[in-house]
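Participant: next comes the sequence, and after it the predicted model I'd like to discuss.
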Amino acid sequence: MSTDLTWLESFLPILRCPATQQTLRWATEEEKNRHSIQPTEKALASESGDHVYPISDGIPILLPP
């Protein structure tokens with residue numbers, strides 16, 4: 001079952017990485033792979049791509065490493 005994440009688009013400009021305070025964006029497949037997240041799953045990444053946060057049941061899990 002696919003979760004509708006359109007609500008997240010409006011929040012992306014204000015969300016920040018808890019570790020670096022950089023803005024967040026959609027993670028690339030390569031970034032998800034580096035962090036053991038399945039390519040079919042959605043995730044957010046810090047602007048530098050060093051930190052990747054999975055999305056579980058439509059909720060970003062923004063816990064620092």
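Facilitator: On my side now, so go ahead. Numbering: from 1, shown residues only.
Participant: ok, which stretches of the chain are helices?
Facilitator: 6-11, 29-34 (DSSP state H).
Participant: quick one: contacts of stretch 24-39?
Facilitator: 12, 15-17, 41-47, 49, 52-54, 60 (Cβ atoms under 8 Å, 6 or more residues apart in numbering). Every residue, glycine included, has its C-beta placed from N, CA and C.
Participant: just the buried subset of the residues you listed, written out for PyMOL, thanks.
Facilitator: For the buried members of the contacts of stretch 24-39, the matching PyMOL selection, counting by 16 or more other Cβ atoms under 10 Å, is:
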select buried, resi 17+42+43+44+45+46+52+53+54+60
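Participant: nearest to Thr23 among the contacts of stretch 24-39?
Facilitator: Glu47 (5.3 Å; Cβ to Cβ).
Participant: what's the distance between the closest one and Thr3?
Facilitator: Note on Glu47: its distance to Thr3, by Cβ to Cβ, to the nearest Å, is 24 Å.
Participant: ok, which pair from the contacts of stretch 24-39 is furthest apart?
Facilitator: Arg16 and Glu41 (21.4 Å).
Participant: where does this structure have low pLDDT?
Facilitator: Along the chain, the model assigns pLDDT under 70 to residues 1-2, 65.
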